[in-house]
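**Q** When you get a sec, could you give me coordinates for this:
(one chain, ligands or ions: 1)
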Amino acid sequence: MKTVIISNRLPVKIIEENGHYTFIPSEGGLATGLGDVYQSGNSVWIGWPGIDVPEERQQEVTDKLAKLNLYPVFLTQDEINLYYEGFSNEVLWPVFHYLVTYAHYEQSYWDCYQSVNQKFASAALKVLHKKDKIWIQDYQLLLLPGILRSELPQSTIGFFQHIPFPSYEIFRLIPWRDELLNGVLGADLVGFHTYDDVRHFLSTATRLLPVNSSANVLNSNERQIVVEAFPMGIDFDKFSGLTARDEVQKEMEYFRKGKEGLKLILSIDRLDYSKGILERLKALELLLQLHPEYIGKIELYMVVVPSRDTVPQYRDLKEQIDQFVGNLNARYRSINWIPVNYFYRSFPIEVLSALYSAADICLVTPMRDGMNLVSKEYVASRQNNDGVLILSEMAGASKELTDAVIVNPNNVGDIMEAIVLALKMPLEEQQSRMKAMRGIVEKFNVKHWVNNFILRLNEVKDSQQSLLTK
Ligand code: GDG
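**A** This next block holds a predicted model:
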């Protein structure tokens with residue numbers, strides 16, 4: 001019996017040189033956590049390799065990926081446009097993050113979402129045996145549990161959603177709401193980051209479909225579906241250990257050079273309207289207006305990682321950020337000081353680690369976030385237990401990191417006050433808060449998350465089978 005992981009993207013970095021493809025296993029959190037699972041025995045990870053591969057070269061790519069226990073689903077450019085950028089990122093992403101006016105309910109997006117989920121199912125059925133354990137990841141594949149259930153009724157299927165699940169009033173706006181829910185209900189175990197997501201899912205399912213719930217179990221057509229919270233963790237040892245590495249120390253000295261006495265504030269996100277980047281900048285502006293004593297004393301390092309920049313709302317957001325930073329810097333900068341060091345790019349993990357280590361404050365203020373791993377990575381990187389995390393109450397992480405300074409991300413004044421509090425926080429208080437958070441991030445790490453989900457999936461299946469034999 002093997003375990004089959006299925007996600008939209010395969011965990012690989014692709015290098016294309018002179019027409020040759022090289023695939024390097026990704027070091028992302030999910031890939032690290034699931035490494036032991038898909039790389040063991042004849043287990044496999046199924047997903048899109050991340051590039052448009054011409055038909056005549058698909059066999060070559062399949063063979064190369066097989067060496068890494070990966071199995072590709074090839075998508076055309078049209079499918080990427082309609083299923084991924086269209087339905088996933090212009091319907092599900094905004095609605096699930098409560099930004100309903102950003103959603104485009106295009107029939108062509110929905111048609112393609114269905115056919116691509118079907119395509120993933122066909123790929124999976126080529127490698128699946130009826131006794132295998134299947135773990136499907138995230139909102140791009142909501143229909144897949146249902147399709148696989150109808151093909152392999154006895155299979156063991158887990159589904160985990162990495163982004164929030166909205167309340168019933170929001171979810172029911174989607175024209176294809178019943179089909180999406182029915183898709184997810186093909187799973188035996190459905191997981192979310194927080195108990196609030198679980199509650200929303202249970203109430204949405206019972207209001208829209210002929211299913212009833214008792215506690216966290218949904219009963220539908222003689223099948224039971226267990227819905228539970230599994231807060232995802234990070235690779236604590238990796239982030240904690242990185243800070244001692246020579247190259248990280250060098251990078252850190254480089255950041256700190258000439259900035260003695262300055263307090264550094266860090267912000268790291270993908271470019272996304274759910275991350276509250278503009279509100280964060282407004283809070284900094286307010287701080288410089290109301291507390292001019294901090295002019296020349298603090299600097300914001302703001303990393304915005306390019307993402308989905310073909311979608312109009314993301315392009316608009318990028319322009320707004322560019323303008324805001326430009327104005328703020330022009331208004332407040334001096335010859336040798338600038339309030340915002342803005343980077344629109346990604347960095348190697350060593351630079352990220354140096355930034356986490358160098359920052360006195362980490363400002364994480366999403367409008368909505370399933371979990372938010374940046375907040376946990378900052379905590380793991382604080383070897384000396386100093387530093388202050390300012391965290392949005394709308395991030396799943398705020399349910400665990402209760403020793404952070406918690407803010408409402410819509411309240412710019414609240415964020416500003418949190419920054420002032422953090423700037424003034426005595427070292428002892430920083431250390432007691434950080435120590436408590438490090439304990440949590442270390443214990444509930446990504447391996448714990450993976451083991452917990454798989455253990456629970458086994459339990460759920462076993463109890464279903466014992467019910468059938470009674
Ligand atoms: C989704 C959900 C949920 C960022 N900049 C660089 C870089 N990163 C890495 C971070 C972190 C990851 O990207 C971002 O993870 P988040 O959790 O913060 O956000 P999403 O990408 O939106 O993830 C989220 C997550 O899924 C997991 O379930 O927490 O709520 O939206 O790991 O370190 N990595 C490198 N260079 C960068 O410049 N190497």
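**Q** surely Thr22 meets Ile14?
**A** Yes. Using Cβ atoms under 8 Å, Thr22 is in contact with Ile14, at 7.4 Å. Quick note: C-beta positions are derived from backbone N, CA and C, even for glycine.
**Q** Look at the two and report which has more neighbours.
**A** Higher neighbour count among Thr22 and Ile14: Ile14, with 15 against 11, using other Cβ atoms under 10 Å.
**Q** Point out the residues in this protein that sit beside the ligand.
**A** Proximity of the chain to the ligand is confined to 29, 162-163, 232, 268, 270, 303, 305, 346-347, 349, 352, 369-374, 377 under the rule Cβ under 6 Å from any ligand atom.
**Q** 8 Å - rerun?
**A** When proximity is defined as Cβ under 8 Å from any ligand atom, the chain approaches the ligand at 27-30, 138, 162-164, 193, 232, 234, 268-270, 272, 274-275, 303, 305, 307, 345-349, 351-352, 364, 366, 369-375, 377, 395-397.
**Q** The stretch 151-300 of the chain: strands as residue ranges?
**A** For the stretch 151-300 of the chain, the strands defined by DSSP state E, counting those that start in this stretch occupy 156-160, 189-192, 212-214, 217-220, 223-229, 263-270, 298-305.
**Q** and the residues of the chain next to the ligand, which of them are in helices?
**A** Gly29, Leu30, Ile349, Val351, Leu352, Leu373, Val374, Ser375, Glu377 (DSSP state H).
**Q** of those, buried ones?
**A** Gly29, Leu30, Val351, Leu352, Leu373, Val374, Ser375, Glu377 (16 or more other Cβ atoms under 10 Å).
**Q** what's the most distant pair in the residues you listed?
**A** Leu30 and Val351 (21.2 Å; Cβ to Cβ).
**Q** sorry, back to before: for ChimeraX, what selects the buried ones among the residues of the chain next to the ligand?
**A** Selecting only the buried entries of those in ChimeraX, with 16+ other Cβ under 10 Å as the criterion:
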select :29,30,138,162,163,164,193,232,234,268,269,270,272,274,275,303,351,352,364,366,369,370,371,372,373,374,375,377,395,396,397
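**Q** which residues touch Ile419?
**A** Listed by Cβ atoms under 8 Å, 6 or more residues apart in numbering, the contact set of Ile419 reads Ile265, Ala283, Leu284, Leu287, Ile361, Leu363, Ile390.
**Q** which of these tops the neighbour count?
**A** In those, the most neighbours by other Cβ under 10 Å go to Leu363, 30 neighbours.
**Q** Quick check, that residue in contact with Lys263.
**A** No. Leu363 lies out of contact with Lys263 (Cβ under 8 Å); the separation is 11.8 Å.
**Q** Burial check on Asn219, number of neighbours?
**A** By other Cβ under 10 Å, the residues close to Asn219 number 13.
**Q** now do Tyr71
**A** 22.
**Q** Quick check: phi and psi at the residue nearest to it when sequence neighbours are not counted.
**A** Spatial nearest neighbour of Tyr71, chain neighbours left out: Ile46 (4.7 Å); criterion: Cβ to Cβ, 6 or more residues apart in numbering. Note on Ile46: its backbone torsions stand at phi -110, psi 140 [degrees, to the nearest 10].
**Q** how close does Ile46 get to the ligand?
**A** Ile46 sits at a distance of 19 Å from the ligand (criterion: Cβ to the nearest ligand atom, to the nearest Å).
**Q** Then Val217?
**A** Val217 is 24 Å from the ligand, by Cβ to the nearest ligand atom.
**Q** Where does the spatially closest residue to Leu82 that is not a sequence neighbour sit, in terms of helix or strand?
**A** Nearest residue to Leu82, sequence neighbours excluded (Cβ to Cβ, 6+ apart): Cys112, at 3.5 Å. Per DSSP states H and E: Cys112 is located in helix 107-127.
**Q** buried stuff in that helix?
**A** In helix 107-127, counting by 16+ other Cβ under 10 Å, buried: Tyr109, Trp110, Cys112, Tyr113, Gln114, Val116, Asn117, Lys119, Phe120, Ala121, Ala123, Ala124.
**Q** which residues sit in contact with the residue nearest to Leu82?
**A** By Cβ under 8 Å, 6+ apart, the contact set of Cys112 is Asp78, Glu79, Leu82, Tyr83, Gly86, Phe87.
**Q** In the protein, which helix is the longest?
**A** From DSSP H, the single longest helix across the chain is helix 446-469.
**Q** Run the angle between that one and strand 223-229 for me.
**A** 160 degrees (axes from the mean of the first three to the mean of the last three Cα atoms, to 10 degrees).
**Q** buried sites along helix 446-469?
**A** In helix 446-469, counting by 16+ other Cβ under 10 Å, buried: 446-450, 452-454, 456-457, 460-461, 464.
**Q** neighbouring contacts of it?
**A** Contacts for helix 446-469 (Cβ under 8 Å, 6+ apart): 3, 29-30, 32-34, 36-37, 133, 135, 156, 158, 160, 188-189, 191, 223-224, 226, 228, 230-235.
**Q** Just the angle for that helix relative to strand 156-160, thanks.
**A** Using the same axes, to 10 degrees: helix 446-469 against strand 156-160 is 140 degrees.
**Q** as a whole number, average confidence for helix 446-469?
**A** Averaging pLDDT along helix 446-469 gives 89.
**Q** how far is it from where the chain is centred?
**A** Taking Cα atoms, centre = their mean, to the nearest Å, one finds helix 446-469 lying 24 Å from the centre of the chain it belongs to.
**Q** Same question for stretch 112-125.
**A** How far stretch 112-125 lies from its chain's middle: 23 Å, per Cα atoms, centre = their mean.
**Q** Using PDB, write out every CA atom in that stretch.
**A** Provided in PDB are the C-alpha atoms of stretch 112-125 (Å, rounded to 0.1, in the frame of the first residue of the first chain):
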ATOM      1  CA  CYS A 112     -12.000  24.200 -17.400                       C
ATOM      2  CA  TYR A 113     -11.700  23.700 -13.600                       C
ATOM      3  CA  GLN A 114     -13.900  20.600 -14.000                       C
ATOM      4  CA  SER A 115     -11.900  19.200 -16.900                       C
ATOM      5  CA  VAL A 116      -8.600  19.800 -15.300                       C
ATOM      6  CA  ASN A 117      -9.700  18.100 -12.000                       C
ATOM      7  CA  GLN A 118     -10.800  15.300 -14.300                       C
ATOM      8  CA  LYS A 119      -7.400  15.300 -15.900                       C
ATOM      9  CA  PHE A 120      -5.700  15.000 -12.500                       C
ATOM     10  CA  ALA A 121      -8.000  12.100 -11.700                       C
ATOM     11  CA  SER A 122      -7.100  10.300 -14.900                       C
ATOM     12  CA  ALA A 123      -3.400  10.700 -14.100                       C
ATOM     13  CA  ALA A 124      -3.900   9.500 -10.500                       C
ATOM     14  CA  LEU A 125      -5.900   6.500 -11.700                       C
END
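**Q** Please look at Leu242 and Leu355 and confirm they touch.
**A** No. Leu242 lies out of contact with Leu355 (Cβ under 8 Å); the separation is 11.3 Å.
**Q** mind putting the buried residues of helix 107-127 in a markdown table, distance to Ala103 and pLDDT included?
**A** As requested, these are exported to a markdown table (distance: Cβ to Cβ, whole Å; pLDDT from 0 to 100):
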| residue | distance to Ala103 | pLDDT |
| --- | --- | --- |
| Tyr109 | 10 | 98 |
| Trp110 | 12 | 98 |
| Cys112 | 16 | 98 |
| Tyr113 | 13 | 98 |
| Gln114 | 17 | 98 |
| Val116 | 19 | 98 |
| Asn117 | 19 | 98 |
| Lys119 | 24 | 98 |
| Phe120 | 23 | 98 |
| Ala121 | 25 | 98 |
| Ala123 | 28 | 96 |
| Ala124 | 28 | 96 |
